[in-house]
Each structure stands twice: as C-alpha cells, then as structure tokens.
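Peer 1: Quick one: sequence and predicted model below, then my questions.
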Amino acid sequence: MSGHGTPIPMTSTPCGPLSGVAEVPGDKSISHRSLILGAMAVGETRITGLLEGEDVLDTAKAMRAFGAEVTKHDDGSWSVHGVGVGGFAEPENVIDCGNSGTGVRLIMGAMASCPITATFTGDASLNGRPMARVTDPLALFGTQTVGRKGGRLPMTIVGAADPVPVRYVVPVPSAQVKSAVLLAGLNAPGKTVVIEQEATRDHSERMLAGFGAEITTEETDEGRVITLTGRPELKPLVIAVPRDPSSAAFPVCAALLAPGSDVLVPGIGLNPTRAGLFTTLREMGADLTYENEREEGGEPVADLRARYSPNMQGIEVPPERAASMIDEYPVLSVVAANATGTTMMAGVKELRVKESDRIDAMARGLRANGVTVDEGDDWWSVTGLGIGKVPGGGTCESFLDHRIAMSFMVLGMGAKTPVSVDDGGPIATSFPIFEPLMAGLGANVTRE
C-alpha cells in the first residue's frame with residue numbers, strides 16, 4: 001500500500017515516436033536546500049522554479065514549524081523569511097517528512113546545533129530507512145538522539161546547547177550526510193571540516209557560498225576537504241532552480257527507446273556531480289546533445305535533446321561515477337535491457353538503502369518482464385536484449401519508490417507488450433506532472 005493513500009496501479013503501453021518539449025520540474029536537491037538555507041538566512045529569499053512535489057512541500061512545512069515564514073505567491077514563486085543561523089524555534093508538533101530521505105536528513109542537520117528538540121517521522125518507506133549515518137556524526141556536535149531500533153524513525157533529536165565544531169570523514173559517498181554535517185556546522189563556533197574520499201553532488205557547497213558562508217574546498221591526499229566557518233550571518237538570495245536532471249532522466253530515456261523519438265528538455269542542471277547518467281548514456285551510443293549551454297545561479301545548465309537510439313551497447317559503468325548518478329541507476333537498467341550486450345554497474349551498495357532496495361526492486365521487475373539480471377551486494381548487471389525486444393507483460397512492485405515506478409513505466413514504452421506497476425502513487429513525491437508530461441510527448445500511461 002502507498003504511504004500516501006490508496007494504491008494507484010498504472011500501466012505503460014508500447015508507444016510510437018515521442019516528440020516535443022519536456023518541461024520537467026525543478027531540481028529536488030536544490031529545492032530542498034533553497035528552503036532550508038532560506039530559513040537560516042536573515043531577510044527574504046525569493047525562489048522561482050521550486051519543485052512542488054510532496055517531498056519538497058514537506059520540507060516547506062517543516063521550515064514553517066521551525067519558525068520561518070514560507071509563502072507561495074500567485075505567480076508561482078516562493079518566498080522564505082528566515083530566522084537566522086541558530087534561530088530555529090522548537091516545533092510544537094512532530095515533523096512529518098513523508099517519503100523524503102534528503103529532507104529529513106538535511107533538516108536534522110540544520111537543527112542539530114540549535115538548543116531545541118524535535119521529533120521526526122515519515123511514511124512507511126522513510127521510517128524503514130537508516131538514519132544513523134547522519135545521527136552518528138551529528139552526535140559529535142553534542143546532539144542527542146532517541147529513535148527506533150537500527151536508528152530508524154520516528155526519532156527525537158535534542159539539539160546541542162553548546163555545539164562544538166567537528167572534523168568528519170564521510171565513510172561512504174553521501175551528499176546527504178555531508179550536507180547534514182555542514183548545516184549543523186553553521187551554528188558551531190570555529191571551523192567544521194568534512195572530508196570526502198569520493199566526491200558527491202556539491203549543491204550544498206555552492207549554495208552555502210551563495211548565501212554568504214565562508215566555505216572552501218580543497219583536493220588533498222585525504223580526499224576532498226570542505227572547510228566551513230561557523231556562525232555566519234547568511235544573506236538572502238534570489239534563486240532560480242534549474243530543472244531536475246533526475247526527473248529529466250525519464251523522458252530522456254523513453255525517447256531513446258521509442259522509435260522515431262526526438263525530445264528536448266530545456267534548462268536542465270548539468271552540475272558535473274549530477275550528470276553521470278548522461279555521460280553513461282552517450283558512452284552506450286545514445287543520441288544525446290547539449291544545446292545552449294550556460295550558467296544560472298552558479299549551476300551549469302543546458303537544453304538536452306534526446307533522439308531514438310537503436311544501436312546502444314552495454315558497457316561497464318565506472319564505479320567512481322556512482323555518486324554522480326546514484327538515483328538514475330533504475331532507469332539506466334531499463335535502457336541497458338534495450339541495449340546489446342551486458343551492462344555492469346558496480347560500487348552501488350547505496351542503492352540497497354534508498355526509498356527501497358533499488359537493486360532488488362529493479363531485478364525483480366526486469367525479470368518479470370523477460371530480462372536477465374545478476375546481482376551482488378555492491379553490483380548488478382543487466383543482459384540487454386536489443387532495442388524493442390524486451391517481452392514486457394509483467395506487473396512490477398514499486399515498493400513505495402517513485403523512481404522504481406517511473407522506471408517501469410519507461411520500460412513499457414519500449415517493450416513488446418504493456419508493463420504495469422502495483423502502485424504509481426509515490427511518483428507524486430518527486431514528479432507530480434509525470435503522467436501529463438509524458439502523455440504530451442505521446443506516451444500512453446494509464447491508471448487502472
């Protein structure tokens with residue numbers, strides 16, 4: 001059952017050419033951070049292009065609960081009147097972060113060095129996900145945590161009354177962990193240092209600098225060393241959120257599979273810590289081109305054109321690329337099923353602890369649709385059948401995971417027979433306009 005209500009079964013039918021302009025929603029990672037840092041600034045931050053999916057709206061509600069004034073205006077823009085670093089008020093009620101691991105972990109970091117207490121919960125999927133990877137480093141600031149067995153939600157965080165700066169080596173590549181520590185470091189005196197042995201998406205560092213924080217990044221023998229000076233007065237910003245490359249992945253990959261397709265996705269964020277999927281697809285032989293490359297709000301942006309690509313080949317995806325495309329492996333596996341040869345994906349154990357065990361979820365669904373998948377703890381491989389040769393016909397379980405549901409809808413667009421999912425409801429958490437957008441391009445996704 002969906003964590004958001006009655007299950008919504010969906011079916012995707014093989015389609016003809018997809019064409020047109022796919023105006024996907026704003027970047028989810030940047031949307032979360034815009035609201036949180038806007039709430040920690042002094043003055044009014046204005047945001048355009050904010051993703052209005054359930055995950056981000058839950059973060060907006062949370063910022064209101066901590067005392068910030070968050071308003072949506074008639075023109076679609078948003079404003080956040082912040083309370084300043086260390087100015088969060090103690091919320092009166094439990095903070096419900098829905099399905100969003102990013103939201104809850106970043107918010108925990110933001111309040112961890114404030115002398116307040118807050119309790120967090122989420123839907124069935126989020127409440128099953130591990131939080132110790134964030135609460136362990138937050139404890140170094142002086143934060144106390146009480147949660148369920150295994151470090152799971154619901155969980156109460158007692159913020160540090162006298163926080164101290166920390167030096168923390170991130171044990172596994174995780175932008176969420178890095179960002180939570182940096183946000184906690186904002187209200188700690190002195191310098192907080194985070195060391196990444198493998199670079200992850202750097203939206204937090206870019207945005208912190210934009211808000212006026214003193215933050216530096218240095219490549220050393222230890223890895224990527226990020227140093228943040230605590231207790232700045234963050235200045236408000238005007239933020240134009242670029243379109244989400246993780247959402248763009250679905251119309252892009254669908255266009256590669258449907259004969260005769262030509263789809264343009266304008267204004268996509270191409271931050272190099274996020275664009276690994278597009279690099280991988282081009283290596284496989286996908287017809288992807290960047291047009292009108294530019295920079296907006298400190299982030300590289302371009303218009304991305306995707307055309308039908310019948311001659312894609314399986315490849316070995318470099319493990320070091322995993323952090324730049326971790327959310328895109330499910331839909332990459334769909335493309336791999338339509339390529340010739342085997343695609344090997346290693347260094348991906350993080351997929352085991354996402355909204356679902358994404359390796360297991362995709363393996364089950366692909367096998368139900370006639371595709372061979374092998375897997376291990378930290379790797380999986382898909383044996384491609386060639387373009388248009390996936391049998392289809394299966395019903396897949398989405399496991400309350402938006403990206404799993406959308407990936408199988410893309411599979412159905414290029415398969416021989418329709419593909420179904422038991423519950424497409426979670427799609428609304430990140431891509432609330434997925435169905436009408438895909439229909440506008442020529443796809444046929446229906447609710448049962």
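Peer 2: Received it, and whenever you're ready, just let me know what you need.
Peer 1: If you tally nearby residues, what's the number for Thr121?
Peer 2: Look at Thr121: counted by other C-beta atoms under 10 Å, it has 15 neighbours. Backbone N, C-alpha and C define where each C-beta goes, glycine included.
Peer 1: Can you read off the pLDDT for the closest residue to it other than its chain neighbours?
Peer 2: Nearest non-adjacent residue to Thr121, counting by C-beta to C-beta, 6 or more residues apart in numbering: Pro154, 4.2 Å away. Note for Pro154: predicted pLDDT of 98.
Peer 1: In contact with Pro154, which residues are there?
Peer 2: Pro154 sits next to Val94, Thr119, Phe120, Thr121, Asn127, Gly147, Arg148 when contact means C-beta atoms under 8 Å, 6 or more residues apart in numbering.
Peer 1: Isn't Thr48 up against Ile239?
Peer 2: Yes. Thr48 is in contact with Ile239 according to C-beta atoms under 8 Å; the separation is 7.3 Å.
Peer 1: Can I get the contacts of Pro154 in TSV including distance to Gly269?
Peer 2: Converted to TSV, these look like this (distance: C-beta to C-beta, whole Å):
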residue	distance to Gly269
Val94	33
Thr119	33
Phe120	28
Thr121	30
Asn127	30
Gly147	33
Arg148	35
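Peer 1: that older thread, please identify which of Thr48 and Ile239 sits among more neighbours.
Peer 2: Applying other C-beta under 10 Å to Thr48 and Ile239 shows that Ile239 carries more neighbours, namely 29 against 16.
Peer 1: Now do the SS call for the more buried one.
Peer 2: Classification of Ile239 by DSSP: H, G, I helix; E, B strand; the rest coil places it in strand.
Peer 1: Which pLDDT value goes with it?
Peer 2: pLDDT at Ile239 comes out at 93.
Peer 1: How much space separates it from Thr340?
Peer 2: 43 Å (C-beta to C-beta, to the nearest Å).
Peer 1: what domains does the record give for the protein?
Peer 2: 10-26+242-447, 28-233 (automatic domain parsing).
Peer 1: Buried residues, stretch 6-22. List them.
Peer 2: Within stretch 6-22, the residues that count as buried by 16 or more other C-beta atoms under 10 Å are 7-8, 10-15, 17-20, 22.
Peer 1: Please render those residues as JSON lines that adds pLDDT and secondary structure to the earlier fields.
Peer 2: JSON lines is the format used below for these (pLDDT from 0 to 100; DSSP: H, G, I helix; E, B strand; the rest coil):
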{"residue": "Pro7", "pLDDT": "95", "secondary structure": "coil"}
{"residue": "Ile8", "pLDDT": "97", "secondary structure": "coil"}
{"residue": "Met10", "pLDDT": "98", "secondary structure": "strand"}
{"residue": "Thr11", "pLDDT": "98", "secondary structure": "strand"}
{"residue": "Ser12", "pLDDT": "98", "secondary structure": "strand"}
{"residue": "Thr13", "pLDDT": "98", "secondary structure": "strand"}
{"residue": "Pro14", "pLDDT": "97", "secondary structure": "coil"}
{"residue": "Cys15", "pLDDT": "95", "secondary structure": "coil"}
{"residue": "Pro17", "pLDDT": "98", "secondary structure": "coil"}
{"residue": "Leu18", "pLDDT": "98", "secondary structure": "coil"}
{"residue": "Ser19", "pLDDT": "98", "secondary structure": "strand"}
{"residue": "Gly20", "pLDDT": "98", "secondary structure": "strand"}
{"residue": "Ala22", "pLDDT": "98", "secondary structure": "coil"}
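Peer 1: Can you tell me which of those residues is nearest Val410?
Peer 2: For these, the minimum distance to Val410 (C-beta to C-beta) is 7.4 Å, reached by Ser12.
Peer 1: Please give me every residue in contact with the closest one.
Peer 2: Phe408, Met409, Val410, Leu411, Gly412, Met413, Pro418, Val419, Ser420, Ala443, Asn444, Val445.
Peer 1: Which member of those residues is positioned nearest Thr220?
Peer 2: Val410 (40.5 Å).
Peer 1: For the stretch 1-150 of the chain, which residues score under the pLDDT cut-off?
Peer 2: Flagging of the stretch 1-150 of the chain using pLDDT under 70 yields the residue ranges 1-4.
Peer 1: No further queries at this time; thank you.
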